[in-house]
Structure formats: C-alpha cells, structure tokens
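Enquirer: could you look at this predicted model? Sequence included:
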Amino acid sequence: MNRLFLSSAGRPPNLPSPAAAPSSHSRPARFACGLLAAWVSVATSLATVGTPAHAADVLPAATATSTMPTLAVPAVEERILKFSQLSGQKSVALRTSDGRETLNFGVRRDEIVTRALLRLRYTYSPALIPTQSHIKLSMNGELLGVVPITKEDAGKKMLFETEIDPRLLSDFNNFGMQFIGHYANECEDPVHSSLWTDVSGASEIVLSVQRLAPASDLAILPEPFFDRRDNSRLNLNFLFGAKPARTTLQAAAVTASWFGKLASYRGARFPTAFNTIPPGHAVVFAPNDERPAVLASLAPATGPGLLVMVNPSDPAAKLLVLTGRNGEDIRQAAEALSLGNLIMSGSQLGIKEGVHAAPRAAYDAPNWVRMDRPMRFSEVVNSPQELQVFGHEPPPISINLRIPPDLFTWRSKGVPLDLKYRYSPPSRSSESRLTMRINNEFVQAFSLVPGSVPGESARVRLPVLEDGLLSAQQSVLIPAFKLGIRNSLQYGFSFTYLKENNCRDTQVDNLSAMIDADSKIDFSGLPNYAEMPNLGFFASSGFPFTKFADLAQTVVVLPEQPSAIDVQTMLALMGRMGESTGAVATRVRLAGPGDEAALKDADLLLVGVMPQQTLLGKWGTQLPAGVLGASKRMSNPVHAMSSVFAWFGMDVKPDATIASQQNVEGNGPLAMMLGFESPLSSGRSVVAVTASAPQLMGQVLDTLDDSTRLPSIRGSAVFIRGQQVDSILASTTYTVGSLPFWTSIWYGMSEHPILLALAAVIAVLILAFALWRGLRAVAARRSGGGA
C-alpha cells in the first residue's frame, strides 16, 4: 500500500515521457487508496458520536497530536458543502408527518474522501411528541443516524454532528432527511401545521479529501480538467509562452468557451500565466516557437496535436498540452478538441486533417429557445424524470428558458403554450389544482378533478403586456409581465388532503403528477429588434456577440502586448459566452488596436486597461465615460428639450446624445464596462471591459458572477467600485435587428401620441375628401346621364 502511494507521489519533477501511466481509476487502485485513506483517518482523528447540542454550546474539536512517524502522503484538503448551496434555498423545510428532502453532491474522480463530517443545524416544532418523533438521516440509502426530538429543546436552534463513513460515498451521492413527526397519540392530521422542522442552510457536510494522480489518457477527457461531479466553480490554469501570438490566444479563446460550456451553471475562471507552470491541472498552448521554458525538451511538433502529461510542478496534476508548429496548428488542435469529433486514446494524439465546424445561423444557440418552430419541453430538460413529482404538495416542476435579449414583444398578445399534464385523480372534487407561474409570477391555475381521464391539456399564452385579459378559452394574461432573458416556468401541483371526520382518512400518500414532455411553447413569429447600448444584455447572455453562437461576427480586441490579466479576463468572458449559448466559439477572431480593417463590419469586445487599450483613447470623445490613470471623464446626456415637448410626447425619455463631458481627477480604484456604437460600422456594437489598474479587472468578472448585483448592470456605462455598481445611459442610442414594415411605423409613432392623433385626423380628412370627390363624380355622371 505504501509502495503504491509513494510511486505516485514520488515521481521526479523532470519531464516524463508521454507514455500512459496505469489508470488510478481502476478498482484495485481505488480500493488500495481507500484502505490507506481509512488508516490515515483512524490514525489522525477521533470518531465523533452523533450528539445534538445547543448551537451556542458547540466548541471546535481539539486537534490530536501524535508521536507516530509522518507518512509521505499528499496534503489533506477540506471541502465544505453548505446546504444552502446544495439546495439553492436559505433553509430546507420538512413538513407533514413524513417530510422528506434529498440533497445531491459529487466527489471528483481524482479525489478520495478520507473523512466526512455532518453538521446539521435545525429547529423543530414545540408540538411534537418526543417518543414518537425523530429525523432519519441517510447517505446513498444507508442509515447514518437518527436525530432525537426532546421537549426541552423544542423551538431552539440545535446542532447535530456525526461522522460519515467515507466508504458510503461514491461519485454521485444522495443525502436524505426524513422527518417523522407526531403531535397526537391518535386521530392526528398527517398534514397538520404543527408538523414541521426547519434545517438551516448553514448546515454542512465537511469532506477531507486527498488527491489521486489521474491517468495520462486522452480517453477520459474532459477529466481531470473538468469533472462534472464537482459542483463548484471551475478554476483551470491556462499557460502560454513568454509572448503568445494572436492565433495562439484565439485557440485559447475557443478552448475557454468549450470549458465554459461544460461548466454550465458552475461558472468558469481561467488563471493565466506566461512562461511558467504553477501547481494544479492546466491547459498549455505550446507551438514550437512559443513554448514555456520548462517544456523546451519536448520534441518539435510536425502538426497539430494533443498531449496529456504530468505537471512538473505538481505530480498529482496533469497538463493538457496543445502542440503544433505555429499558432494556426494550435487553433486547429483547439477546434478539434472542443468539437469532440476525435476518437482519442493514450497520452498523445496527432491531428492529420483539420476539423472545421459548419457556420451557425443567427439565434440557433443550443441553450436558447427555438425561434423557427414550436419547441417541445423534452428539448429543454435533461431527463423526463424532471417533469414528474410525487406527494400531496410536491416541489414545483421548473423548466428554464433562455430567450434572445432582442426578442421584440411589443403589442404581442403573448407566447402560445400548449400544456399537457397528467395526475393521479383525487378521490373527490376539492381544492386540488395545478398552478402555473413564470419567474414567480402567477399565470393561471387549473383544477385537478376526479375521474378516469388519463390526462388533460390547455392552451395558454404567456403574457408580455402590461394589461390583463381573461377569456373563456383558458387563454389567460393574468398578471401581465415582461419576459426576461432567463426565465423559469414553474408548475406546482397541490392535492388537498381530505378528512371526512375524526379518524377517517380519505387519501393515502401515493399521488403522482407530471407535465407531458410533448407540451410545446412557440416563440416563432416574433421579430428581433432592440435599442442599444444595453450592457444588461451583455451581462446576462453575452449579447450581441452571442447572436451567432460560434461568435462568427465577433472580434476581440486586446492590447498590442496583452498582459496575463488581459488574457485572463478575455478567457473568462469567452467561458461566459460558452455557458450562455451551449456552443463553442469556433469562429471568434482576435485583433489588435491597429488592425482597423479587421475591426470593420463586426461587433467588438475590447479588453484591456487604459492606456494600454489604445482604442479607448482614440475613440475617447465618443465614449460615455473614460479612465486614464487618475483622470476620469463622465459624459452628460442631453436633457428633454422642454416640458411642453415632453407633454406632447415628443421627448418621452432623455436623449442619450452626449452634450458635454466632465473631467474629474482622482486616484480611487474603478472598474468599468462601456457600451456604444462602433465608430467604424453603423449598427455594430462595442463593449469595453477596462479599469484604472490591472488588478481591478477581476472586479468586473466578480460582478458578472454575482446574481445579486447582475440586475444593476444596464445602460451604456457601468462603474464598479468594490461591491457598488452604478449604471448610466450616456451615449447615442442605435438599434439592432429589424421590424416588419407596419410594425416599425406604429412603433415609431407610439412614442409620439399627439403626432399620432394629428396623423389620424389628417388621414381621416384625406379619406373624407377622397370620398367626397368620388361621390361628386358619381353624382355628376348621374346628372349627365339624366340630361
């Protein structure tokens, strides 16, 4: 056992050959590591018996000291899994006499758990009978322990700690809580309001893990660089030579979008380093003439290729090396890797023929709703099981929809939804119902009636207007709301528990319900049109760049000599694009500030600190705001021409045209996002991510990752100072997309009601005059005929 372990940890730091090492994921290896981990756990920790205590009385456990010889083992790392993170809620509510809740978490394949501890913080109802009430805890179906209920601790905040046997854990784990509660010895109501226990979101599962050295095998990609069992944010090092070429950085952008797509809801960051290799898993972009010095001994590449090898700085970590003769070869390797069209095995692979993705059409992002046809619910869920629930009051069924930000819903009656659902019929007519909400706003409720009908359907229009409307065809617009970019359809089934009289129940808890996967929602027929700039679109979905999921019309502009922070920021933004679209940015282009020809007829994403990002200085007079060292400039918009014009509807909103600019001197830290129309091509957008100092660029990424601050991002300029976010609209507005002819006429006139009324009067007069002339002509002909 020691020999097996030391052979992995004691590998010399010099560059290894690319031959594949034996897989550490094999059953014997994991078993041996498990025995070692168990031995280390017993030798270094004392078993803790599950005991409830008052939260204020719990003290940290003393660290045991030992005189035993220290083994050459990898460092033990601690993972803390908060219930609030696992459940997405501030607390977990256990209700009724048999309330249940399951929390899911994973363990990375290249890690082994040596110790696991549960800290359960909870409060229960004072009405419970102690001898008949308790909470059962389980892990993957195995009983962990029982939390007792006592009268003296009722209503108090309690803490229950118990050890979890690491052998119970697997790659994917289910932690279960079952509340068995009773408040009466006989004739009790199983859904009585006094049957409750609340588990705090501060409860946690603490895992002590040791890293395992994964195999140097391309077949297990994307592991270990991304492991879907890990629900935390992906942090993956991207490494380059001293001065990476633009094509090499383009390959990195493609790769970052792929990892962002894989990371999905977790988010992704890519710490960047030039000419050095830090510990941990990493992706290295190494053309022959740009390799980090530590990889100089690798044989020169004869074409694009992939290589997995041990990290010289960390024997338990791996490097995914993209090799090639030049940056173009690296780009081909990145595209082949991200498209997944290769059959990979072993530690290295040569790519003989280039793999190219077909161009994507506008608005065809896999993660977005379809705009060309009705979309079935089966296309937006991972499994049909997500559409099925059980019990009297099960949790709502949630269906997430991502809508293009420029979807134009003005004067639309709503989005048609053909809803099909099935349920266990209640024993009699009651208050059982299906409630439909979108973004937590009520849309419609359907009664669940008894009978033998296997399923029902309804046609609903998701409202997008400000007025409510109820019709007799179950087509409802109550209450009105605006569809957002990221929406959640929620379907809550609720079955009433009936009691005829004392001690006579009329239902058992075997109810089930489901939304049919064949239900459809139809966004086709709605045009795409929006007024820009709107940094809220960029923050929430990467628009307008993600209009084409492969970023075919996007040019990323970096300084002529980009720093590691500039590249790191660009890669994080590319990861967000991949997460938004669910596609790889295979057609994104990179350019420098001086490549004016490449910047025309494209949407531009500028990344870099002033003054290194020279385009911001060149276009300074057209920016809504600017930062240059200690100098900051704010642009002031033109205000309404007069209150009279505003009353007539001729100036219903401030004109965003820049009227003046104000220069302010100061040395305070400031990060910014700017949005404006491209000075090189009308109708094209520019988004700039910049800061007054390089170390502040990360504040922009932190704000984009913070769901609580994300709604504060809007307009044409966003200023970020620590946790404070300020947005303004202070640049000339422009539009993207197109509208049908008559819609464009009516929409343009809608902001000027007085002019619209005058136009209507003139139109009526013209029509009346035409009718009058026509009638006179008819009368003249009749008079002439009579003569």
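Expert: Yep, that arrived.
Enquirer: for this protein, give me the ranges with low pLDDT.
Expert: 1-74, 354-355, 427-430, 451-483, 498-509, 626-667, 731, 785-787 (pLDDT under 70).
Enquirer: longest strand of it, counting residues only.
Expert: The single longest strand within the chain, with elements called by DSSP state E, is strand 111-124.
Enquirer: can you point out the buried residues in the next helix or strand after it?
Expert: The first helix or strand that comes after strand 111-124 along the chain, using DSSP states H and E, is strand 134-139. Across strand 134-139, burial judged by 16 or more other C-beta atoms under 10 Å covers 134, 135, 137, 138, 139. Bear in mind the C-beta positions are built from the backbone N, C-alpha and C, glycine included.
Enquirer: and what of stretch 119-136?
Expert: Here stretch 119-136 shows 119, 120, 121, 122, 123, 124, 125, 127, 128, 133, 134, 135 as buried, counting by 16+ other C-beta under 10 Å.
Enquirer: okay, the fourth one and residue 155: tell me how far apart.
Expert: Same thing as residue 122. 11 Å (C-beta to C-beta, to the nearest Å).
Enquirer: over to the third one?
Expert: Counting by C-beta to C-beta, the separation of residue 121 from residue 155 is 14 Å.
Enquirer: now for the longest helix along the chain, which elements pack on it?
Expert: Longest helix of the chain, by residue count under DSSP state H: helix 753-786. Here helix 753-786 is seen to pack against helix 741-750 when contacts are counted using 3 or more C-beta pairs under 8 Å, 6 or more residues apart in numbering; DSSP states H and E.
Enquirer: please work out the angle formed by the directions of the helix it packs on and helix 753-786.
Expert: 120 degrees (axes from the mean of the first three to the mean of the last three C-alpha atoms, to 10 degrees).
Enquirer: quick one: distance of helix 741-750 to the chain centre.
Expert: 35 Å (C-alpha atoms, centre = their mean, to the nearest Å).
Enquirer: give the buried residues for it.
Expert: Under 16+ other C-beta under 10 Å, helix 741-750 has no buried positions.
Enquirer: check stretch 691-698 too.
Expert: Quick answer for stretch 691-698 (16+ other C-beta under 10 Å): 691, 692, 696, 697, 698.
Enquirer: how about stretch 582-593?
Expert: In stretch 582-593, counting by 16+ other C-beta under 10 Å, buried: 583, 584, 585, 586, 587, 588, 589, 590, 591, 592, 593.
Enquirer: same check on stretch 403-413?
Expert: Buried-residue list, stretch 403-413, by 16+ other C-beta under 10 Å: 403, 404, 405, 406, 407, 408, 409, 412.
Enquirer: tell me where the stretch 401-550 of the chain has helices.
Expert: 535-541 (DSSP state H, counting those that start in this stretch).
Enquirer: OK, contacts around the residue nearest to the spatial centre of the chain?
Expert: For the chain, the residue sitting closest to the mean C-alpha position, by C-alpha atoms, centre = their mean, is residue 265 at 3.7 Å. Applying C-beta atoms under 8 Å, 6 or more residues apart in numbering, one finds that residue 265 lies in contact with residue 579.
Enquirer: ditto for residue 709
Expert: So residue 709 contacts 703, 723, 725 (C-beta under 8 Å, 6+ apart).
Enquirer: counting neighbours, what do you get for the nearest residue to the last one once chain neighbours are set aside?
Expert: This points to residue 725. Using C-beta to C-beta, 6 or more residues apart in numbering and skipping residues adjacent in sequence, the residue nearest residue 725 is residue 712, 4.1 Å away. As a burial measure, residue 712 scores 16 neighbours (other C-beta atoms under 10 Å).
Enquirer: where's residue 712 relative to residue 495, distance?
Expert: The separation that residue 712 has from residue 495, given C-beta to C-beta, amounts to 41 Å.
Enquirer: where do the helices of the chain begin and end?
Expert: The residue ranges that make up the helices of the chain, judged by DSSP H, are 2-9, 27-44, 83-87, 246-263, 327-339, 535-541, 564-581, 596-599, 614-618, 643-647, 697-705, 741-750, 753-786.
Enquirer: tell me which of the ones you listed approaches residue 197 most closely.
Expert: For residue 197, the closest of the helices of the chain is helix 83-87, at 13.3 Å, according to C-beta to C-beta.
Enquirer: check which helices and strands that closest one sits against.
Expert: strand 98-106.
Enquirer: can you list the domains in this structure?
Expert: 25-57+72-211, 218-350, 375-521, 529-566+577-737, 752-786 (automatic domain parsing).
Enquirer: I'd like these as a markdown table, with distance to residue 365 appended.
Expert: Listed next are the domains of the chain as a markdown table, based on distance: least, C-beta to C-beta, whole Å:
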| stretch | distance to residue 365 |
| --- | --- |
| domain 25-57+72-211 | 24 |
| domain 218-350 | 10 |
| domain 375-521 | 8 |
| domain 529-566+577-737 | 4 |
| domain 752-786 | 36 |
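Enquirer: to residue 744, which of those lies closest?
Expert: domain 529-566+577-737 (8.4 Å).
Enquirer: endpoints of the closest one, how far apart?
Expert: In domain 529-566+577-737, first residue to last residue: 4 Å (C-alpha to C-alpha, to the nearest Å).
Enquirer: could you do stretch 437-446 as well?
Expert: Stretch 437-446: ends 12 Å apart by C-alpha to C-alpha.
Enquirer: partners of residue 514 in the sheet?
Expert: Counting by DSSP bridges, residue 514 forms beta bridges with residue 388, residue 422.
Enquirer: so it versus residue 397, what's the distance?
Expert: 8 Å.
Enquirer: do I have it right that residue 528 meets residue 409?
Expert: No - Residue 528 lies out of contact with residue 409 (C-beta atoms under 8 Å); the separation is 10.8 Å.
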